[in-house]
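Student: Show me how the following folds:
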Amino acid sequence: MKDLSNLTYSEGSRRPRKRIGRGVASGNGKTAGRGHNGYYSRGGSTQRRYFEGGQLPLQRRIPKFGFRNVNTVTYETVNVEKLNSFEAGTEITPEVLLEAGLVSKKTLPVKILGNGELTVKLTVKAHKFSKSAQEQIEKLGGVVEAL
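Tutor: Sure thing, here's the model as predicted:
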């Protein structure tokens, strides 16, 4: 019966430690399992992480990518089909779009894109318009005004 007073390790789970450098007969004598010459045969030798034996390391071989242009302007975009939720004749500004939940950040400029079909005559004030969006708004008699 096993209880806390007579616990043992399961068979084969523990191996005796190697007695290194205790003569040729031990199997780990002379060079103590380190081979003959070389960096790792000597004391104080440690391998750096990512070291590839003098080969150019992977992080230096692969191309570096990624570039952020400091002059890039990021726009909050709204498609014209989303503007159908407003009543005809409404003046749409970035503030109105923010209240309606069509844009999420008031700090970014707004661009109206021409995806979908517009069915309501509107006055739209935004920072930029795509050509197709501008055509759709003006085709219905609406007004496009760039801020």
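Student: Which pLDDT does the model give the residue nearest the centre of the chain?
Tutor: Centroid-nearest residue in the chain: Gly66, 11.9 Å away (criterion: C-alpha atoms, centre = their mean). Per-residue confidence at Gly66 stands at 86 (pLDDT).
Student: Ok, the one 10 residues further on next?
Tutor: On pLDDT, Glu76 comes in at 91.
Student: Over to Glu117?
Tutor: For Glu117, pLDDT reads 88.
Student: How about the one 5 residues further on?
Tutor: As predicted, Leu122 sits at a pLDDT of 86.
Student: how near is the residue nearest to it when sequence neighbours are not counted to Gly116?
Tutor: Of all residues not flanking Leu122 in the chain, Gly142 sits nearest, at 4.6 Å (C-beta to C-beta, 6 or more residues apart in numbering). No exception for glycine: its C-beta is placed from N, CA and C like everyone else's. According to C-beta to C-beta, to the nearest Å, Gly142 stands 15 Å off from Gly116.
Student: more neighbours, these two?
Tutor: Remark: of Gly142 and Gly116, Gly142 carries more neighbours, 21 against 15, as counted by other C-beta atoms under 10 Å.
Student: got a list of what that one touches?
Tutor: By C-beta atoms under 8 Å, 6 or more residues apart in numbering, Gly142 lies in contact with Leu118, Lys121, Leu122, Thr123, Val124.
Student: In terms of pLDDT, where does it sit?
Tutor: pLDDT, Gly142: 85.
Student: So the protein: which segments form each domain?
Tutor: If you go by automatic domain parsing, the domain ranges for the chain are 20-66, 76-146.
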